[in-house]
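Undergrad: Make a model of this:
(2 chains)
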Amino acid sequence: MRKEDLDRAFGPTPPRFSQAVRHTLAGLKDSTPRRLPGRSIILVTALLLLVSGIVYAALQLGHEWYYQTQANLYKEFHPENYQAIMDNLVQDVPQEATGPATILTEVKVQEYAWVDQQGIASFSLLGRIKNPAAAELYSLWEMDLDGAQVGVIDPEDPESRLLHYLRTPKGWGPPLEVMQDPAKQLLLLDLDQPLTIGDSRHSLVPTRGHIFTTDEGPVMRMIEINLKEQSGAALAAIKEYTDQEGNLRLHLPFAVLPFADNTYGEPIPGELVFTVQITK
Amino acid sequence: MDAATFTDQVISRERSLYRIAVSFLHSDADAADAVQDALLKAWEKRYSLKDESLFGTWLTRILINVCKQRLRERRPLEALQEHSASVYPDGAADLDLKMALLQLDLKHRIPLLLYHLEGFPVADIAHLLRLPKGTVTSRLARARAKLKDALEEKEGRPHA
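TA: Numbering: from 1, shown residues only, chains lettered A, B, ... in the order given. As a prediction, the model looks like this:
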């Protein structure tokens, strides 16, 4: 098999691809990214409390925190999207979570922005453990990131293993070795389900997404949606299920998976239903 | 790593980035978006790269993660319908080989391209795809056999 033949199968690199790469590279600057660790935010918040006497309820793990600590170049490279999202953030979101999973976890929309004019919507969601004294919660994606857990030991493959591995702030390895307290129950949160529109079977397709376990504890999911790229069926469903006041109900199924003795338990289902205001 | 070095490293790998992204996503536009995302992520995380000689493998890993994330988020039916017609540009392409590559499923196509085209050793591909090395080896063998069969079928004769 000749490399030249394989390469020719792709045809030439499209000029617009090269332009996109060069445009991105031209925007890079040498300044050190200003990452503001969670601990610093807590410190700054505490100082503000002391100085101003303002009662500050709790650190808000939402869009601003995400763009400062996890995607700190977003503002620079997507200024129109960033500004549209931050100018239209809604924090008081009517919502209700139901199902057996809510006994163990609280899943909620922290903030959202829905900007029709800009054709963009963005959601920040958090999943928290309800009884941290009894259990630890991690994103389902933190388990077996390397794909080497194959359930059998292949003598020719030194990486094959029987045990599932988990990533936590403490490290990467068998859950009992990397949990903060192995005496607690391990719960995994599947927060990676589609957002469905009203009572339809259609969902909003994200253009960007990120699911991770924060160092602060909760599992976070960020979703960005290009409203201009949704299917005709999805757009029709948005229209059909938006009431006269501009309220649209969205559904997010989720599940909690207990994990013990190297085995996943049965998923415990839940559903978050929340309402967004789309006539801004 | 400063912006100039980063830029030089990326430009020297532009063709490779294109081939990998388009192999996953089957669309020039999606490939460009994915590579842009991967470059931004890589630039943000550049301080985590301890050994600059590993830049290529490191950037490829980031690009593969971005491509996989985009595939997960795509509606399967839409992906099939909207992108199958635009897979790989036609200009000066070897159409038989292109179609044969298309017939390979992703799990066979990607290791084959990383090995035969991008020149990654099996151990690196295992790291890049988070697969056991034995699995990469068997997928490579299977991919070669399937590609050969597909080419023979198109030509109506055994392929050299």
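Undergrad: use CA for all of it now, contacts and neighbours both
TA: Fine.
Undergrad: need the longest helix for chain B.
TA: Longest helix of chain B, by residue count under DSSP state H: helix B:133-155.
Undergrad: got the buried residues for the host helix or strand of residue B:30?
TA: Using DSSP states H and E, residue B:30 sits in helix B:28-44. The neighbour-count check on helix B:28-44 (16 or more other CA atoms under 10 Å in any protein chain shown) flags B:28, B:30-44 as buried.
Undergrad: tell me the two of those that are most distant?
TA: Greatest spatial distance in those: B:28 and B:44, 24.3 Å, computed using CA to CA.
Undergrad: so what are the domain limits for chain B?
TA: Listed by automatic domain parsing, the domain ranges of chain B are B:1-87, B:88-160.
Undergrad: Out of the ones you listed, which is closest to chain A?
TA: With CA to the nearest CA as the criterion, chain A lies closest to domain B:88-160 of the domains of chain B, at 4.3 Å.
Undergrad: What's the first helix or strand after the longest strand belonging to chain A?
TA: Secondary structure of chain A read by DSSP state E shows that its longest strand is strand A:247-260. With elements assigned by DSSP H and E, the helix or strand that comes after strand A:247-260 is strand A:263-264.
Undergrad: I'd like the next helix or strand past that next one.
TA: Following strand A:263-264 in sequence order, the next helix or strand is strand A:268-277 (DSSP H and E).
Undergrad: What's the local residue count around residue 15?
TA: Let's take chain A. Neighbour count of residue A:15, defined by other CA atoms under 10 Å in any protein chain shown: 9.
Undergrad: other chain: chain B
TA: Neighbours of residue B:15 using other CA under 10 Å come to 18.
Undergrad: mind listing what it touches?
TA: Applying CA atoms under 8 Å, 6 or more residues apart in numbering or on different chains, one finds that residue B:15 lies in contact with residue A:13.
Undergrad: and it, helix, strand or coil?
TA: At residue B:15 the chain is in helix, as set by DSSP: H, G, I helix; E, B strand; the rest coil.
Undergrad: Where do the strands of the stretch 1-150 of chain A begin and end?
TA: In the stretch 1-150 of chain A, the strands defined using DSSP state E, counting those that start in this stretch lie at A:95-98, A:105-115, A:120-129, A:135-139.
Undergrad: which one of those strands lies closest to residue A:165?
TA: Using CA to CA, the nearest of these to residue A:165 is strand A:135-139, at 12.4 Å.
Undergrad: tell me the average confidence for the closest one?
TA: Average pLDDT, strand A:135-139: 95.
Undergrad: Over to stretch A:234-252?
TA: In this model, stretch A:234-252 has an average pLDDT of 95.
Undergrad: Just the CA atoms of that stretch, as PDB, please.
TA: Below are the C-alpha coordinates for stretch A:234-252, written out as PDB (Å, rounded to 0.1, in the frame of the first residue of the first chain):
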ATOM      1  CA  ALA A 234     -36.600  20.800  15.000                       C
ATOM      2  CA  LEU A 235     -37.400  24.400  14.000                       C
ATOM      3  CA  ALA A 236     -41.000  23.400  13.400                       C
ATOM      4  CA  ALA A 237     -41.100  21.800  16.800                       C
ATOM      5  CA  ILE A 238     -39.700  24.900  18.500                       C
ATOM      6  CA  LYS A 239     -42.500  26.900  16.800                       C
ATOM      7  CA  GLU A 240     -45.200  24.400  17.700                       C
ATOM      8  CA  TYR A 241     -44.200  24.100  21.400                       C
ATOM      9  CA  THR A 242     -43.500  27.800  22.100                       C
ATOM     10  CA  ASP A 243     -46.500  29.400  23.800                       C
ATOM     11  CA  GLN A 244     -47.900  32.900  23.200                       C
ATOM     12  CA  GLU A 245     -45.700  34.300  25.900                       C
ATOM     13  CA  GLY A 246     -42.600  32.900  24.200                       C
ATOM     14  CA  ASN A 247     -42.000  30.100  26.700                       C
ATOM     15  CA  LEU A 248     -40.500  26.800  25.400                       C
ATOM     16  CA  ARG A 249     -40.200  23.700  27.500                       C
ATOM     17  CA  LEU A 250     -37.100  21.500  27.000                       C
ATOM     18  CA  HIS A 251     -36.500  18.000  28.400                       C
ATOM     19  CA  LEU A 252     -33.200  16.500  29.400                       C
END
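Undergrad: mind listing what the residue nearest to the spatial centre of chain B touches?
TA: Central residue of chain B (CA atoms, centre = their mean): residue B:20, 2.4 Å from the mean position. Counting by CA under 8 Å, 6+ apart, residue B:20 makes contact with B:64, B:110, B:113, B:114.
Undergrad: nearest to residue A:220, of those residues?
TA: residue B:64 (22.0 Å).
Undergrad: do the longest strand of chain A and chain B meet?
TA: No: for strand A:247-260, no contact with chain B is found by CA under 8 Å from any CA of the partner chain; the gap never falls below 14.6 Å.
Undergrad: which strands and helices sit next to that strand?
TA: When contacts are defined as 3 or more CA pairs under 8 Å, 6 or more residues apart in numbering or on different chains; DSSP states H and E, strand A:247-260 packs onto strand A:185-190, strand A:195-197, helix A:232-241, strand A:268-277.
Undergrad: contacting residues around the third one?
TA: It stands for helix A:232-241. Residues from elsewhere that reach helix A:232-241 (CA under 8 Å, 6+ apart): A:197, A:198, A:199, A:200, A:202, A:203, A:204, A:248, A:249.
Undergrad: Please name the nearest non-neighbouring residue to the fourth one.
TA: Excluding the flanking residues, the one nearest residue A:200 by CA to CA, 6 or more residues apart in numbering or on different chains is residue A:237, at 6.6 Å.
Undergrad: in what helix or strand does residue B:69 lie?
TA: helix B:55-73.
Undergrad: What remains of the contacts of helix A:232-241 if I keep only buried residues?
TA: By 16+ other CA under 10 Å, the contacts of helix A:232-241 give A:197, A:198, A:202, A:203, A:204, A:248, A:249 as buried.
Undergrad: Export the residues you listed as JSON lines, with columns for distance to residue A:212.
TA: Shown next, in JSON lines, are those (distance: CA to CA, whole Å):
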{"residue": "A:197", "distance to residue A:212": "24"}
{"residue": "A:198", "distance to residue A:212": "27"}
{"residue": "A:202", "distance to residue A:212": "25"}
{"residue": "A:203", "distance to residue A:212": "22"}
{"residue": "A:204", "distance to residue A:212": "20"}
{"residue": "A:248", "distance to residue A:212": "27"}
{"residue": "A:249", "distance to residue A:212": "25"}
